[in-house]
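Participant: Predicted model, plus sequence, below.
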Amino acid sequence: MKRLLPVIALGALSLAGCANTASMGGNVYSGSQVGAEQTVRFGTIQALRQVQVEADSRAGGIIGTGGGAVVGGLLGRQVGGGSGRDLATAAGVIGGAVAGSRIEESTNRVRAWEMEIRRDDGMNVVVVQKADQAFQVGQRVRLIGSGRNITVAPY
């Protein structure tokens, strides 16, 4: 059981540090949007580019780095004895912090579309949203919302 503790701790800390990326898609509305009037404009996709969006971590990266350091330290502490154990613990803390930070960064990234859309009024706009739908150049779309709160949906 003592050897399973670091694995369990890492799993719990990894899940706790994940950002919510569900709201980045075109199929998800926030509670404040429900029942609110939204503007609808129409346009045609001129260009598409696959990008990655890095969501803001709820804990600002502390969970991945701190959790990794703790787990790395626990793993390092199980190696050797005396001053060798201390060195292994220190190396585990540093390595765990780096690994935890990288894991948290990768779990907070989501595939997205950068869509350049020529609206019917002649203005070109760019909208980035989670790639939870298939789009293609030349496709007619609806731009729903306004300002920083726009989603693109097939027409």
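Facilitator: Sure thing, it's come through.
Participant: switch to C-alpha atoms for all contacts and neighbour counts from now on
Facilitator: Noted.
Participant: for the protein, which strand is longest?
Facilitator: Ranked by residue count and defined by DSSP state E, the top strand of the chain is strand 40-54.
Participant: mind exporting that one as CSV, just the C-alpha atoms?
Facilitator: The C-alpha trace of strand 40-54 is given here as CSV (Å, rounded to 0.1, in the frame of the first residue of the first chain):
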residue,chain,number,x,y,z
VAL,A,40,-27.0,36.1,-35.4
ARG,A,41,-24.9,36.9,-38.4
PHE,A,42,-24.2,34.8,-41.4
GLY,A,43,-21.0,34.3,-43.3
THR,A,44,-18.7,31.9,-45.3
ILE,A,45,-15.5,30.3,-44.0
GLN,A,46,-12.5,31.7,-46.0
ALA,A,47,-9.7,29.9,-44.1
LEU,A,48,-9.3,27.3,-41.4
ARG,A,49,-6.3,26.5,-39.3
GLN,A,50,-6.0,23.9,-36.6
VAL,A,51,-4.6,25.4,-33.4
GLN,A,52,-4.3,24.6,-29.7
VAL,A,53,-5.9,26.6,-27.0
GLU,A,54,-4.3,26.5,-23.5
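Participant: Enumerate the positions of it that are buried.
Facilitator: Across strand 40-54, burial judged by 16 or more other CA atoms under 10 Å covers 42-46, 48, 51-54.
Participant: export those residues to TSV and tack on pLDDT and distance to residue 112?
Facilitator: Listed next are the buried residues of strand 40-54 as TSV, based on pLDDT from 0 to 100; distance: CA to CA, whole Å:
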residue	pLDDT	distance to residue 112
42	97	21
43	97	19
44	98	18
45	98	15
46	98	16
48	96	10
51	94	5
52	88	5
53	87	6
54	78	10
